[in-house]
Each structure stands twice: as structure tokens, then as C-alpha cells.
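Trainee: Here's my sequence, what's the structure:
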Amino acid sequence: MSHCSRSTGIMPMMKQIVIITCIGAVCIQGAYALESVFKNDDTSTTVNHAVVGIYALVTNSNKEVNAYYAQKQRESSSGSGVIMSAKGGIVTAYHVVRGADVITVTTYDKKEYEAVVTGFDEFCDIATLKVKSGMPVESFLSFESSENIRPGHRVILAGSPLGLAGSFTAGIVSAVNRVGVGNGAVNFIQFDAAANGGNSGGPLLDERGNVLGIITAKYRYSAGIALAIPSDLVKQTIDQIVKRTPNRHASCGMYVTEMNQELRMLYPGLPAQGVFVSGVAKGSPAQKNGIEFGCVVDAADAVPVRTFYDLFSVMRNKSAGDTVTIGYRNRRGEPVQASVVAAERSIRERFDPWNFFRIHLGVDVSEREIAGTNRFVVRQILAPEMTKYAYRFQEGDVLYRIRPGGVYAVYESPVDTEQLSYLLNSSIIFDDSLLYLDAVIGRPDDTPRFHKRVTFEVPMRSISF
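Mentor: Purely as a prediction, here's the structure:
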């Protein structure tokens, strides 16, 4: 009896506590209304109406996809885009629509329109699109200069990640002028807001809804490392497309690597400053001026060079045919100055495979004839402690086959330097600045059944200038 009384007395008290708690929660919500990441609550609607989803269909019948990208053909790709004018012009990332036969633009209200590419810059990864007909423009976005962006500034992403249209995420700028990724043609904005497949081509925004950049890449196995092309470069590229005056990007034809502990272990006695020349394209302006593997570039047009960005800051103002004065130390440590007439950058530029194996995998590879066929053999493990990849090789290992471009390609057997270079370059994943190397290795006297498969995702440490 007394037990029942106590139970009856407690239950009303518990109900009372629950009720009070709920009322309190309502009061707090009323006192502290949720705030938008945008300065104006209507901005999210404006942005949503100006950001589109993009679906690109690629087929094997497309003749515009050159041989270099043949192994990267995909059935479809998706991304985002930004309506940038009252006429309905759209800007996106070029890799979203590269080689597409059919491009479909989807607006916020789920309506679909066919579009065509009106221009692109492959090196900056920017493309402009035009809808063929019928798309009403309810809003478009303006570009804010990226000149004053600093680490710590708040940014917002908009787009269709994983096909989820009208999605927003927010974060901060992590770094600016990030040049050590991609092909050396863009000084990226790095940010930490969540970006996923489908965000590429969408806008990086400030709190007023202005475009600070176009999203282009994220690091696949990282949390909070993504990149955007700065708005000033986007605007410059769009202007060149509209005026039909394409940027003839300058190239000296050399690959450089920033100084690091591993390089100094491999090559003791390197200068205190400069960037290491890790490869030179055959017949390039750099090669013609005596620049070769092992040289150290320490100046460009009298500007001291210590990092990728130092060299980028000079080269971005150059066009093909311009002269750049390169100061470097040759392999004997002697200072040299060379007046290099820049060539036009080519998407087919390929790094020297020998230097790739040395710099990125810590092994020295040479050619050798085995059973009547030219093969590539690991001649020496340069520094097992230099890289986590070197331990997978033994001296004498033969590189029998490479599968470029991931799981949908077929294995190929490199029999000459040109083919090896092609296969390595074809394995670069632009979005991640990684080289995905899927290879079959074995001993010279092994039968194929004893060959083994090795795979690497190697961060690219060299970029071209």
C-alpha cells in the first residue's frame, strides 16, 4: 500500500519535470532564434536559384576526347554550376563536362535543359556553358575579388553534392595561394567546409552570397581539405573565353619539387633555398638552356624562389613567347642565369619516368632486355627510409604491367620510355593530385603466376612550370 502511494506521488512529479523542461526549451528557442550563415536571410534563396546541377554524358563515340584522356572516359559525371549573368551564362569546372556528348542542366525547380560548352581553359579547369533554349533566369551571382581572402574567413558552399540539389555547407578558408597541387597553373583557395562528389563547379561564397571561387577538388581520404579556383582567375578566364583570346599559358618545360627532408637525404649538399628540378621535358626551353634533373632554381626574373608560389607568381604573368630569366645552380653547384623563351603549355607534357621513380617511390629504375623484350627493372633502392613505398620493391624487380586510370582500364606492358611516361601520366588523378599506380611486378626468371600486384596512391610532389 505504502509502495503504491510512493509510486503515485513520484509520477506526477516526473511529468511536471518533463513539462517544465519542454516549456523551457520553447522559451530558449524563442529568445535565441536560429541565425543564417548569410548576412541576409533571403540570400540562400537567391543562391539556390542561381546554382544548377550538371549532368554530363560521355560516350566512346566522342572524337573530341584525345588519346591522353582515352582511358579516363566515363559513362557520366555530375557536378554543379553557377548562373553568372542575366542572359543565363553558366560557369563550371571543366573536368565536369570534359569530352561530354550531352550536357543537362537542372535548375532548383527540377526542370532540365540541354546545354553546350561555349569555351574552356583546361589548365585552369574552367568551362562556360550556354543553355540551348528555354531556361528562365530568376537570379544570378556576382563575383567578389579573391584578392583580400585570408585564412580564417568564413565561406559557404552551394551545389548538388551526391545529387542532393540545393545543399549548403559552411566552413573557413584554411589557406590561400596553394600552388603545390594540380598542374601549377592555379593558386587555389583551400577550405575546410564539407565538399563531396557533385560539388565540383559550384560556388565558394562569402556571407553576402558573392562568389569567391569555383570548387574544383577535394582530397579523397581527408576530412576538411578541399580546393577552389579563386574568383579573380575565374573572371580573367571567362573574359578571355568571351573575347576569344585564349590564354597561351607559358611553360619552361620543367618539373620542380620543393625542398624537403627526403630530398636532402637523397642528395646531400643541396642549397639552402630554391626548388629542386625533378624532371625536364625533352626538347623543352629549360632543356635547351642547360637546365636538367638535379639543378636547383633559386630565382625567376630576379625574384627569389623558395616555394612553388614564388615561381608561380612570376610565371602566371607570362604567355608563350615571353622571356623569363631563370637563376639556378647546376649539379656542380655553380650559379647560372638563363634567358628562357617560354613555350605554350601542353596538356600532354609528361614528366620523366626515371625521376618520378626516384623522387616519389625512392627507387632507381633502368631498362633491360629480358627474354627478348625491353623491360624496366628496379636497379637500386635509393633510400628505404625515404618513403613508405620503397619497401614494396626489391632490387631486380621487373615492372611487367601497369593499369592506367583505375579499375576500368586494362593492364599494359611498357616496352619503351615513351609508353612508360604515358602510362604514369595517365594514372594521375587530377582531383586529388595523386598518382594511382596499379602495377604487376616480378623477378626476371619468374613465370607470370608468381608475379604480384602492387598499388600505390602517391601524392604528387612535382608540378610543372
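Trainee: How is the protein divided into domains?
Mentor: In terms of domains, the chain is parsed into 1-34, 36-247, 250-344, 353-464 (source: automatic domain parsing).
Trainee: Please produce JSON lines containing the ones you listed, extended by mean pLDDT and mean neighbour count.
Mentor: Bear in mind the C-beta positions are built from the backbone N, C-alpha and C, glycine included. As requested, the domains of the chain are arranged in JSON lines below (pLDDT from 0 to 100; neighbours: other CB atoms under 10 Å):
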{"stretch": "domain 1-34", "mean pLDDT": "39", "mean neighbour count": "9"}
{"stretch": "domain 36-247", "mean pLDDT": "85", "mean neighbour count": "19"}
{"stretch": "domain 250-344", "mean pLDDT": "88", "mean neighbour count": "18"}
{"stretch": "domain 353-464", "mean pLDDT": "74", "mean neighbour count": "17"}
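Trainee: could you pull out the strands for the stretch 101-250 of the chain?
Mentor: Along the stretch 101-250 of the chain, the stretches classed as strands by DSSP state E, counting those that start in this stretch are 102-106, 112-121, 126-131, 154-159, 167-178, 188-191, 203-205, 211-218, 226-230, 250-251.
Trainee: Distance to residue 37 for these - can I get that in a markdown table?
Mentor: Supplementary listing: the strands of the stretch 101-250 of the chain in a markdown table, determined by distance: least, CB to CB, whole Å:
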| stretch | distance to residue 37 |
| --- | --- |
| strand 102-106 | 24 |
| strand 112-121 | 29 |
| strand 126-131 | 26 |
| strand 154-159 | 5 |
| strand 167-178 | 5 |
| strand 188-191 | 14 |
| strand 203-205 | 9 |
| strand 211-218 | 14 |
| strand 226-230 | 17 |
| strand 250-251 | 39 |
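Trainee: Among those strands, single out whichever gets nearest to residue 300.
Mentor: Residue 300 sits nearest to strand 250-251 of all these, at 11.3 Å, using CB to CB.
Trainee: need the contact list for residue 76.
Mentor: Residue 76 makes contacts with 55, 56, 57, 58, as judged by CB atoms under 8 Å, 6 or more residues apart in numbering.
Trainee: from what I can see the last one touches residue 77, true?
Mentor: Yes. Shown here, residue 58 and residue 77 form a contact pair, counting by CB atoms under 8 Å, at 7.1 Å.
Trainee: Can you check which residues contact both of those two?
Mentor: With CB under 8 Å, 6+ apart, residue 58 and residue 77 have common neighbours residue 100.
Trainee: For residue 268, which three-state class applies?
Mentor: Classification of residue 268 by DSSP: H, G, I helix; E, B strand; the rest coil places it in coil.
Trainee: give me phi/psi at it?
Mentor: Phi and psi for residue 268, reported as degrees, to the nearest 10, are phi -60, psi 150.
Trainee: From residue 176, how far off is residue 40?
Mentor: As judged by CB to CB, to the nearest Å, residue 40 and residue 176 stand 26 Å apart.
Trainee: er, residue 243 I mean
Mentor: 28 Å.
Trainee: One more: residue 102?
Mentor: 37 Å.
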